[in-house]
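A.B. asks: Predicted model follows, preceded by the sequence.
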There are 2 protein chains.
Amino acid sequence: MNGFTSWPPEVTPDQLEQLTLLATTYALSHSLLYLPPHGDIPPPPAPASAIHAPLSLFPTPVPRELFVRARRIQRAYNVLYARVAIDNKFLDEIMGAGGVADVDEFTGELWRAWKGLREEGPVQPLHLGLFRSDYLLHQPTSEAEISLKQVEFNTISSSFGALSQQVSGLHSYLQASTGYFGASPLLTPNNLPLNETVKGLVAGLAEAHNAYGVPDAQILFVVQANERNIFDQRLLEYELLLSHGIHIIRRTLPELEHSMKLSPARALLLPSGASSASPLSEIAVVYYRAGYTPTDYPTPAIYATRANLERSRAIQCPSLALQLAGGKKIQQVLTMSGVLERYLSREEGADEVRESWVAMWGLDDEDLPIPGAKPTNVIHVDDVKEPKGTREARIRADTLVLKPQREGGGNNIYRAAILPFLDTLPAPERRAWIAMQLIRPPAAVEGYLVRSGDAQTGPVKGRVVSELGIFGWTLFGRETNGQESVREAEVGFLVRTKGEGVDEGGVAAGFSVLDSVLLVD
Amino acid sequence: MNGFTSWPPEVTPDQLEQLTLLATTYALSHSLLYLPPHGDIPPPPAPASAIHAPLSLFPTPVPRELFVRARRIQRAYNVLYARVAIDNKFLDEIMGAGGVADVDEFTGELWRAWKGLREEGPVQPLHLGLFRSDYLLHQPTSEAEISLKQVEFNTISSSFGALSQQVSGLHSYLQASTGYFGASPLLTPNNLPLNETVKGLVAGLAEAHNAYGVPDAQILFVVQANERNIFDQRLLEYELLLSHGIHIIRRTLPELEHSMKLSPARALLLPSGASSASPLSEIAVVYYRAGYTPTDYPTPAIYATRANLERSRAIQCPSLALQLAGGKKIQQVLTMSGVLERYLSREEGADEVRESWVAMWGLDDEDLPIPGAKPTNVIHVDDVKEPKGTREARIRADTLVLKPQREGGGNNIYRAAILPFLDTLPAPERRAWIAMQLIRPPAAVEGYLVRSGDAQTGPVKGRVVSELGIFGWTLFGRETNGQESVREAEVGFLVRTKGEGVDEGGVAAGFSVLDSVLLVD
């Protein structure tokens, strides 16, 4: 683990300039791209240009054993979330009426849509998940062993699968073309793992397409209007066409509101062109790259559109149940004593999954897990009527992050902000929030971050924190005979690296960069 | 050949918009790119963004038989130009003192540099050519059979090899993803020939690298400063690295002036980094993507730099001799009775090569070929002292283009401009100019041309003329035993399509677009 104490290795200014030139040129020519910001002007109907995605010049050191473990336990996570998603009773209890749905409007909309569909009787037993499980390296003290702790598990719109493959390719190219100027003996081809996420994710979509059973049916990509991260999606589209002969249709939810049709047998049918007079195409799989955030549902009718899509025979990726299963509150409840074990046996990897978690509890919990560390705050708590979960959050605020159910980042409450936040949080809303022990990444790793706008000034060097994401897919459901069926695979990885001190932000927002893995022993 | 009378096929505005969106997105994500124009501001040291190359939405119909013929005769052209380039006496006579060198300053500089090197005695017998032979379809009258006529033969800096492969990929993708909306029965996969120019051109470079015999020697790409067509070059670089493990160094001629070194055995050595203190790398092959135009030689010292590069053992692509062999005047002299036949036997394809030519002569010629068509101008020629070549050019001006030795386009004189031009051309300069029968492309083909700047307004539809380029390479030389050796291959193709009425202009200048072939019977 010497990587962590001296990373990145030293290079001369000339070498740094050369690496940057090679890196951004490679990125531009290998679809490691975003559409340019378009500000208030609508983007052109067909894109005219692109910028390279923000990227890290050096890959990020990850202990080989932890990397192998993260990929291994993805298989267990694939199974776990499949089983949670078909446990209606559990999802109702946690996410439904009386649970999160009552206090998180968005969850409530999704849950009620799902409940309505169940009452009608669904026609498609299969669900597809394209997952990404995100981890940080955790080292609470400089003497402690480094471990791997999960940040979150994404069950909808897991992004950067395709770009992650391109950024692994970038680092392998920089290694092959320059040897990184001999800057570090760690930077060898053997330490740069192959990443074939595109093929892997597309195999999941193709498996679902095949299970649907209509060879010339298409896959619907439900997308956001004015999406800038389109190349991450298009690479999946090209692979579907090239390797599987599967065609896709891209539509926003508002575009689908009036154009989608259901046949009497509930086949999902869409006009193949922009005109409603275009021939209808049957849809085998609905792949959501939108629908995970309330802003994707600008009117109540759009929730009905979402439900209508799921009313069809098309396999949903994800189904509403699977999207609900990916909620933060579910993540926390799974950590409670005995809950995980209802879904996953020890043989199936339950222990390793549990080991990948930090302490979590609900702000409304009375029955708490006991975090290992001593409380850091000794505070006088006046309101003795507060649940234990909230009191514990006050006491341990310095070591915690509070997370709401809400998706998309930017809503978390950290450390010192926790006490004033708790003072104003209405009591009923506590059930939508979880407290989570902060993960402590190993100290003093630095990185060179290159953003398209920074080309004149060169890479930004600074202390960084890197998040490892593992991709997997699961096709699952309860067969008509009541048996559960699960097919799944682990398919690749992503590193996102952000400047330290920035608690929030996805790559697309510009706070962090796309990165890959350097295995260290 | 019904393609020509009704091309492109009809599509609806919706379909056109959809094709344009798919096309520019594919182009951006498949390195079918230019760097953006940077105006007077120096471009960033590392590129931050790119625009898609100008492109044609539909491939261009080419009669299958003529396409097969063009590829077949490329082999003969490869051999022809190899033999011309080692015929010092012929090159001296046409391009040297007493010939073009006296009146074209640039040719003079190159020829004198070459002559000087010959007097010293060269140490590298091998030359490498990466060629592109350009053709137009020719149909002088609407009843005439369509034939293929050569426009020019490029022996230096033949560009768009890599992008041509990407644009073939683009049209295959549009066909696969949309079927072009069934707009034409011609648009089938079988009619879209595979184009693997990148692999093919790189095989030529690798063959030369191998012949040089030093496995870890590198290839020098001599490039222009502020080049915008870099992706066309980078794709070759990536393929050299990935498929052959060959590293490259990119330098401009002015950068090489002070950094290049020759070992006592005349190995070409270059600092591998920007600093002159970097370790020296041995260069096996010098590949010129610059040096074909006088502006690449801003000071007299740069001609000396070019000579110094060729003084080395590194194989030149092209050598000065091969660059001179690519001159327009050589192209014309080859058409004179018996000249071609000195280099190429009938068995080697001399007849088909000759068939690919239109009538050409020099303005100072007294011994003229007899063009088939009748003169269209009956003019009173006062100056009876004019050579027959000039008089014939006056008489036939309406059917001619005059071309100077000068490379790079923009210097040709067409039709009505010929008479006033000849009135002012100093008599000694006539020897640098050739008259060439205008090629008459089949009437009334239209195209949809998409340029990055036009994204808001959509594709431009208009009458077009398409030029077919065939790529080949030749590694050749006279062995120490006096035997000639030639290894060669035909490797791919390009179509450039320009709006009719535009007589001049390369793709990079924005007048024309990159295109591919649709085979028609």
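C.D. replies: Received it, and whenever you're ready, just let me know what you need. Numbering: from 1, shown residues only, chains lettered A, B, ... in the order given.
A.B. asks: what comes up buried for the biggest helix by length in chain A?
C.D. replies: Assignment by DSSP state H gives helix A:64-85 as the longest helix of chain A. Across helix A:64-85, burial judged by 16 or more other Cβ atoms under 10 Å in any protein chain shown covers A:64, A:66-67, A:69-71, A:73-85. The way it works is simple: take the backbone N, C-alpha and C, and place the C-beta from them, glycine included.
A.B. asks: next structured bit after it?
C.D. replies: With elements assigned by DSSP states H and E, the helix or strand that comes after helix A:64-85 is helix A:88-95.
A.B. asks: Other residues contacting that following helix?
C.D. replies: A:84-85, A:99-101, A:107, A:111, A:115, A:118, A:321, A:324-325, A:327, A:329-330, A:333 (Cβ atoms under 8 Å, 6 or more residues apart in numbering or on different chains).
A.B. asks: how does it look with 6 Å?
C.D. replies: Applying Cβ atoms under 6 Å, 6 or more residues apart in numbering or on different chains, the contact partners of helix A:88-95 are A:107, A:111, A:324, A:327, A:329, A:330, A:333.
A.B. asks: for the record, mean pLDDT for the longest helix of chain A?
C.D. replies: For helix A:64-85, mean pLDDT is 98.
A.B. asks: From the contact counts, what lies against it?
C.D. replies: For helix A:64-85, the packing partners by 3 or more Cβ pairs under 6 Å, 6 or more residues apart in numbering or on different chains; DSSP states H and E come out as helix A:320-325, helix A:350-355, strand A:460-478, strand A:484-499.
A.B. asks: which residues touch that helix?
C.D. replies: Taking Cβ under 6 Å, 6+ apart as the rule, helix A:64-85 contacts A:133, A:135, A:148, A:321-322, A:325, A:343-344, A:348-349, A:352-353, A:470, A:472, A:474, A:476, A:486, A:488, A:490, A:519, A:521.
A.B. asks: Now list the buried members of these.
C.D. replies: By neighbour count, with 16+ other Cβ under 10 Å, the contacts of helix A:64-85 hold A:133, A:135, A:148, A:321-322, A:325, A:343-344, A:349, A:352-353, A:470, A:472, A:474, A:476, A:488, A:490, A:519 as buried.
A.B. asks: near chain B, from these?
C.D. replies: For chain B, no contacts are drawn from those by Cβ under 6 Å from any Cβ of the partner chain.
A.B. asks: helix or strand for the residue in the stretch 51-200 of chain A that chain B sits nearest to, which one?
C.D. replies: Of all residues in the stretch 51-200 of chain A, residue A:51 sits closest to chain B, at 4.4 Å by Cβ to the nearest Cβ. Per DSSP H and E: residue A:51 is located in strand A:49-52.
A.B. asks: CA atoms only: put that strand into PDB for me.
C.D. replies: Presented in PDB, the C-alpha positions along strand A:49-52 are these (Å, rounded to 0.1, in the frame of the first residue of the first chain):
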ATOM      1  CA  SER A  49     -19.200  19.500 -31.000                       C
ATOM      2  CA  ALA A  50     -18.200  17.800 -27.700                       C
ATOM      3  CA  ILE A  51     -15.800  18.400 -24.900                       C
ATOM      4  CA  HIS A  52     -13.700  15.700 -23.200                       C
END
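A.B. asks: Okay, now the sheet partners of it, with direction.
C.D. replies: Next to strand A:49-52 in the sheet, as set by DSSP bridges, lie strand A:33-34 (antiparallel), strand B:49-52 (antiparallel).
A.B. asks: Rounded mean pLDDT for the following helix or strand past it, please.
C.D. replies: Going down the chain from strand A:49-52, the next helix or strand is strand A:55-56, by DSSP H and E. For strand A:55-56, mean pLDDT is 96.
A.B. asks: For strand A:55-56, name the packing helices and strands.
C.D. replies: Counting by 3+ Cβ pairs under 6 Å, 6+ apart, strand A:55-56 packs on strand A:512-515.
A.B. asks: Now find how far off-centre the strand it packs on is within its chain.
C.D. replies: Computed by Cα atoms, centre = their mean, to the nearest Å, the separation of strand A:512-515 from the middle of its chain amounts to 14 Å.
A.B. asks: and what of stretch A:360-369?
C.D. replies: Here stretch A:360-369 is found 25 Å from its chain centre; the criterion is Cα atoms, centre = their mean.
A.B. asks: before we move on, what about stretch A:291-308?
C.D. replies: With Cα atoms, centre = their mean, you get 20 Å for stretch A:291-308.
A.B. asks: how about the helices and strands packed on helix A:64-85, which one is nearest residue B:429?
C.D. replies: Closest to residue B:429 of these is strand A:460-478 (Cβ to Cβ; 57.0 Å).
A.B. asks: Just the buried residues of the closest one, please?
C.D. replies: A:464-477.
A.B. asks: Okay, now the sheet partners of it, with direction.
C.D. replies: By DSSP bridges, strand A:460-478 pairs with strand A:126-138 (antiparallel), strand A:446-450 (antiparallel), strand A:484-499 (antiparallel).
A.B. asks: hang on, the earlier thing: adding distance to chain B and neighbour count, write the contacts of helix A:88-95 out as JSON lines.
C.D. replies: JSON lines is the format used below for the contacts of helix A:88-95 (distance: Cβ to the nearest Cβ, whole Å; neighbours: other Cβ atoms under 10 Å in any protein chain shown):
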{"residue": "A:107", "distance to chain B": "34", "neighbour count": "25"}
{"residue": "A:111", "distance to chain B": "36", "neighbour count": "26"}
{"residue": "A:324", "distance to chain B": "33", "neighbour count": "27"}
{"residue": "A:327", "distance to chain B": "34", "neighbour count": "27"}
{"residue": "A:329", "distance to chain B": "38", "neighbour count": "23"}
{"residue": "A:330", "distance to chain B": "36", "neighbour count": "23"}
{"residue": "A:333", "distance to chain B": "41", "neighbour count": "22"}
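A.B. asks: so what's residue A:288 closest to, chain neighbours aside?
C.D. replies: Closest residue in space to residue A:288, ignoring its immediate chain neighbours: residue A:222 at 4.8 Å, by Cβ to Cβ, 6 or more residues apart in numbering or on different chains.
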